[in-house]
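In: Sequence and computational prediction follow.
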Amino acid sequence: MTQTRYTLQQHHINLKSSVKLSQINMYHCESPASNIFPGHPYSKIIFIQKGDGQFYFGNQFLPVQENDLLLVNPDKQKFSVDVQHPPLDFIILGIENLLFTNDTGEAISPFTRLSLSSDICLNLMHMLIHEVTKRSEYYEEACRHYLNLILIEIQRNTQINYDYPSKEKNNRDCTFVKEYLDDHFTENITLDLLSKESKMNKYYLVHSFTKHFGCSPISYLNEKRIEESKNLLETTNHSIASIASMIGFSSQSYFSQSFKKNTFMTPNEYRRAARQI
């Protein structure tokens, strides 16, 4: 008798128990048509089981074929699928508390395609699909374990890494964004800029900030600018156009529209009312 013993050492694989497989959706498209899917505040793995087509996300499009994987970070933007050679079968795994990142820790583009060169990963995906379709006892737990193994295989064979947006980190990131807006509200600020400065995925940034502060980053920015404009209207003789430019609005008309929406008065009406007090 021979014995081979393997001692398992602890290595950091960068997977956390907070990762949650929340949804599994399977699609069968029989005709060459365009199908639209909503965006979601969670990450997705899309596995192409059969057929080929194209996935469209904004100005980006990705041709896909059998055994391709698409990694999708949270984003509110819809995406569409054009079926070229039906049928097209694919499965979408909805994954909470996980972001796909590159080797420098930055979130990858909303859609990233991988071709499954790993037979292990391919087999794991088919085993997960088998569990979903058979729905045997404890199949949910089996699917979660298969997902973890799939994530390990992806990390082994690509430059993909993972990040986990914990509650504490979200609070810190949201506070950073708020303080950045407080300090830079007179500048040209976009969601892309806030995403870059905070190193947060753009949709996850909006989702987390709104949940934390009760309004979106851009709504908070506009509120900040309106409050400053009130002070300038009350204490200076600057023209409306000058004030709009000073506080970061792209045009006088957009400033006036935003001001009236906030105060139910035009900037000139507010100035006259404030000076009559």
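Out: Right, received. Where do you want to start? Numbers count the residues shown, from 1 in each chain.
In: CA only for contacts and neighbour counts going forward, please
Out: Fine.
In: for the stretch 1-150 of the chain, what spans make up the strands?
Out: Remark: strands assigned in the stretch 1-150 of the chain by DSSP state E, counting those that start in this stretch are 20-29, 34-37, 43-57, 60-64, 68-72, 79-96, 99-101, 111-115.
In: If you average pLDDT over each of those, which is lowest?
Out: Mean pLDDT is lowest for strand 34-37 among the strands of the stretch 1-150 of the chain, at a mean of 79.
In: neighbouring strands for that strand, and are they parallel or not?
Out: If you go by DSSP bridges, strand 34-37 pairs up with strand 79-96 (antiparallel).
In: Make sure residue 205 is actually in contact with residue 195.
Out: Yes. Contact between residue 205 and residue 195 holds when scored by C-alpha atoms under 8 Å: they sit 7.0 Å apart.
In: higher neighbour count, the two?
Out: Neighbour tally, residue 205 and residue 195, criterion other C-alpha atoms under 10 Å: the higher count belongs to residue 205, 24 against 18.
In: Which strand or helix spans that one?
Out: Assigned by DSSP states H and E, residue 205 falls within helix 202-213.
In: Just the residues contacting that helix, thanks.
Out: With contacts defined as C-alpha atoms under 8 Å, 6 or more residues apart in numbering, helix 202-213 is touched by 41, 74-76, 170-171, 174, 191-192, 194-195, 215-217.
In: Just those: which are in helices?
Out: 170, 171, 174, 191, 192, 194, 195, 217 (DSSP state H).
In: Specify which member of those residues is nearest to residue 262.
Out: Lowest distance from residue 262 to the ones in helices among the contacts of helix 202-213 (C-alpha to C-alpha) belongs to residue 217, with 15.9 Å.
In: and the gap between the closest one and residue 250?
Out: Distance, residue 217 to residue 250, using C-alpha to C-alpha, to the nearest Å: 17 Å.
In: what's the closest of the strands of the stretch 1-150 of the chain to residue 126?
Out: The nearest among those, by C-alpha to C-alpha, is strand 43-57 at 8.8 Å.
In: then that closest one to PDB, C-alphas only?
Out: The C-alpha coordinates for strand 43-57 follow below in PDB (Å, rounded to 0.1, in the frame of the first residue of the first chain):
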ATOM      1  CA  SER A  43     -22.900  42.200 -10.700                       C
ATOM      2  CA  LYS A  44     -23.700  39.500 -13.300                       C
ATOM      3  CA  ILE A  45     -22.000  36.600 -14.900                       C
ATOM      4  CA  ILE A  46     -23.500  35.800 -18.300                       C
ATOM      5  CA  PHE A  47     -22.700  32.400 -19.800                       C
ATOM      6  CA  ILE A  48     -23.500  31.600 -23.500                       C
ATOM      7  CA  GLN A  49     -24.600  28.000 -23.600                       C
ATOM      8  CA  LYS A  50     -25.500  27.800 -27.300                       C
ATOM      9  CA  GLY A  51     -25.600  30.000 -30.500                       C
ATOM     10  CA  ASP A  52     -24.100  33.400 -31.200                       C
ATOM     11  CA  GLY A  53     -25.100  37.000 -31.200                       C
ATOM     12  CA  GLN A  54     -24.100  40.500 -30.000                       C
ATOM     13  CA  PHE A  55     -24.500  42.200 -26.700                       C
ATOM     14  CA  TYR A  56     -24.900  46.000 -26.800                       C
ATOM     15  CA  PHE A  57     -24.200  48.300 -23.900                       C
END
